[in-house]
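J.: okay, predicted coordinates and the sequence, questions at the end:
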Amino acid sequence: MTDASQTPPATGPAASPGTAPQGAAGGLPPADAPTLLVKIFGKDRPGLTAGLFETLAGYGVAVVDIEQVVTRGRIVLCALVTVPAGRGAEGELRATVHAWAESRRMEAEIISGIGDNRPRGEGRSHVTVLGHPLTAESTAAIAARIAGAGANIDRIFRLAKYPVTAVEFAVSGAEHTALRSALALEGARRGVDVAVVPAGLQRRAQRLVVMDVDSTLIQDEVIELFAALAGCEAQVAEVTAAAMRGELDFEQSLHARVALLAGLDASAVDKVRAQVRLTPGARTLVRTLKRLGSQVGVVSGGFTQVTDDLKERLGLDFAAANTLEIVDGRLTGKVVGPIVDRAGKARLLRDFARQAGVPLSQTVAVGDGANDLDMLNAAGLGVAFNAKPVVREAADTAVNVPFLDTVLYLLGITREEIDAADELDGVDTSED
Ligand SMILES: [Mg+2]
């Protein structure tokens, strides 16, 4: 990238390179020392950053901070540097930088000030916004809510451009639960997903991600696939509806629905396994998490006959569900063993976390149903995935786009990083 031969020699006073600037202590200027913010803007090309710093090097200044952003081929490069020592040196530096910028057809601005950046406020959060598309109107509304909560946006960058536009705001100055409630309301109103997670090392720590299966990891409801093969779809749907009306609890509805499958040939299990459709992005999510050293599990109110197969196919670390009883090659209409229900899912999350050696605060749970609520609340981060309103409102964060890999964006992982890792490993992503 750097091509020093194209950069005109710096013409500043003869401060030898490496000379410590006056007033510097431990490489940084005292808090009240004057500093210069040097900003250049224009068409990006190789060698610009090298060129600017070679120009500044002629004045023996120290670098306090650098930020550089390139958007559609335009660069904004900001350097915060110490003021050069010596009478008239600052004026010369200014003139030299402007001349250099002009020779590169760039705009330059140099602003005098004192010390380093103002320290960021307490209460730091990452606000991830997913839009499909992300409109200027919703971006304005989210930013206004952040300001309204008394917080400051310190940085903004894009995490992904597909399958949705995802941007992350690094925010400081507001307690994250207060910020979360303010932004959840606005996000729901605008039809964008907004996730607020506290900043800190924990976000990048090794973790455990536990997902629900039906309508989360897969697009189907497994009991409905069995019911179709048994020819009792309508009856199963009626039990499901009664459960949703609150007339039956989960266990009652599970027993009632499984009873309708009595007598079904066991070959139905293979047929259902073959019919199950993974949610778009499911493979990418699991593969990327595994690369990061995370452990991944599923818990389901459905059946081990399907979840064990998914565990095998996706290389999951944990799977738990109910087990359909099969005797003499036929479903008996009963389940065997303990029932995985709403409380059971949360208990399994804790069990998996213990086995994985991951504290509960570093777990992520993803689910869509009322059955998932305890698990979503128990996890460090609970993600309601295309969930019913009651689940959406109770969860830490909600994703309402039908792509499971968007969960990675909530963890601060960029699309570019995901794709680069896939490319490096030669992964065939056509089925993801
Ligand atoms: Mg579900």
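T.: Happy to help now that I have it.
J.: the least confident helix or strand in the chain by mean pLDDT close to the ion?
T.: Taking mean pLDDT, DSSP states H and E as the measure, the chain has helix 389-394 as its least confident helix or strand, at a mean of 84. No - using Cβ under 5 Å from the ion, helix 389-394 never reaches the ion; the gap is at least 9.4 Å. From N, CA and C alone the C-beta is placed, and that goes for glycine too.
J.: what does that helix rub up against?
T.: Contacts of helix 389-394 with the rest of the structure, by Cβ atoms under 8 Å, 6 or more residues apart in numbering, involve 184, 188, 367-370, 372-373, 376-377, 384, 398, 400.
J.: can I assume Arg348 sits in a helix?
T.: Arg isn't right for residue 348; it's Leu. Yes - read with DSSP: H, G, I helix; E, B strand; the rest coil, Leu348 is one of the residues of a helix.
J.: and the least confident helix or strand of the chain, how far from the chain's centre?
T.: 20 Å (Cα atoms, centre = their mean, to the nearest Å).
J.: Phe226 is in contact with Gly263, isn't it?
T.: No - when contacts are counted by Cβ atoms under 8 Å, Phe226 is not listed as touching Gly263 (11.9 Å).
J.: quick one, which of those two is more surrounded?
T.: Each of Phe226 and Gly263 had its neighbours counted (other Cβ atoms under 10 Å), and the higher figure belongs to Phe226 (28 against 10).
J.: what about that one, which helix or strand?
T.: With elements taken from DSSP states H and E, the one containing Phe226 is helix 222-230.
J.: so which bits of that helix are buried?
T.: Within helix 222-230, the residues that qualify as buried by neighbour count (16 or more other Cβ atoms under 10 Å) are 222-223, 225-227, 229-230.
J.: what is in contact with Phe226 and Gly263 at once?
T.: Contact criterion Cβ under 8 Å, 6+ apart; residues shared by Phe226 and Gly263: Leu331.
J.: may I have stretch 214-226 as PDB, with CA atoms only?
T.: Backbone C-alpha positions of stretch 214-226 (Å, rounded to 0.1, in the frame of the first residue of the first chain) are rendered in PDB as follows:
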ATOM      1  CA  ASP A 214     -39.000 -25.600  15.700                       C
ATOM      2  CA  SER A 215     -39.400 -22.300  13.800                       C
ATOM      3  CA  THR A 216     -35.900 -21.300  15.100                       C
ATOM      4  CA  LEU A 217     -33.100 -23.600  13.900                       C
ATOM      5  CA  ILE A 218     -35.500 -25.100  11.400                       C
ATOM      6  CA  GLN A 219     -38.400 -23.600   9.500                       C
ATOM      7  CA  ASP A 220     -40.900 -26.300  10.400                       C
ATOM      8  CA  GLU A 221     -42.800 -27.500  13.400                       C
ATOM      9  CA  VAL A 222     -41.800 -31.200  13.600                       C
ATOM     10  CA  ILE A 223     -45.100 -32.400  15.200                       C
ATOM     11  CA  GLU A 224     -46.900 -31.000  12.100                       C
ATOM     12  CA  LEU A 225     -44.600 -33.000   9.800                       C
ATOM     13  CA  PHE A 226     -45.400 -36.200  11.700                       C
END
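J.: is it in proximity to the ion?
T.: Yes - using Cβ under 5 Å from the ion, stretch 214-226 reaches the ion at 214-215.
J.: quick revisit: let's have the buried residues of helix 222-230 in TSV, adding pLDDT.
T.: As requested, the buried residues of helix 222-230 are exported to TSV (pLDDT from 0 to 100):
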residue	pLDDT
Val222	96
Ile223	96
Leu225	97
Phe226	98
Ala227	97
Leu229	97
Ala230	97
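J.: quick one: which of those is nearest to Val167?
T.: Distance from Val167 was checked for each of the buried residues of helix 222-230 by Cβ to Cβ. The minimum falls on Val222, at 35.7 Å.
J.: which helix or strand lies directly C-terminal to the host helix or strand of Glu102?
T.: Per DSSP H and E: Glu102 is located in helix 89-103. Remark: after helix 89-103, the chain's next helix or strand is strand 107-114, criterion DSSP H and E.
J.: the ion contacts on the stretch 201-350 of the chain?
T.: Proximity of the stretch 201-350 of the chain to the ion is assessed by Cβ under 5 Å from the ion, with 212, 214-215 identified as the residues in range.
J.: for the ion, see how far away Ser181 is.
T.: Separation of Ser181 from the ion (Cβ to the ion, to the nearest Å): 25 Å.
J.: hmm, Leu331 and Ala259 touching each other?
T.: No - using Cβ under 8 Å, Ala259 makes no contact with Leu331, being 9.9 Å away.
J.: if you count surrounding residues, which of those two has more?
T.: When Ala259 is set against Leu331 and neighbours are counted by other Cβ under 10 Å, the residue ahead is Leu331, at 24 against 16.
J.: I'd say the more buried one and Leu260 touch.
T.: No - shown here, Leu331 and Leu260 do not form a contact pair, counting by Cβ under 8 Å, at 10.0 Å.
J.: next to the ion, which bits of the stretch 51-200 of the chain? Give me the list.
T.: When proximity is defined by Cβ under 5 Å from the ion, the stretch 51-200 of the chain lies next to the ion nowhere.
J.: and the strands in the stretch 51-200 of the chain?
T.: Counting by DSSP state E, counting those that start in this stretch, one finds strands in the stretch 51-200 of the chain at the ranges 63-71, 74-82, 107-114, 124-131, 152-160, 165-172, 193-198.
J.: output these as a markdown table; include the columns mean pLDDT.
T.: Supplementary listing: those in a markdown table, determined by pLDDT from 0 to 100:
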| stretch | mean pLDDT |
| --- | --- |
| strand 63-71 | 94 |
| strand 74-82 | 96 |
| strand 107-114 | 96 |
| strand 124-131 | 93 |
| strand 152-160 | 94 |
| strand 165-172 | 96 |
| strand 193-198 | 90 |
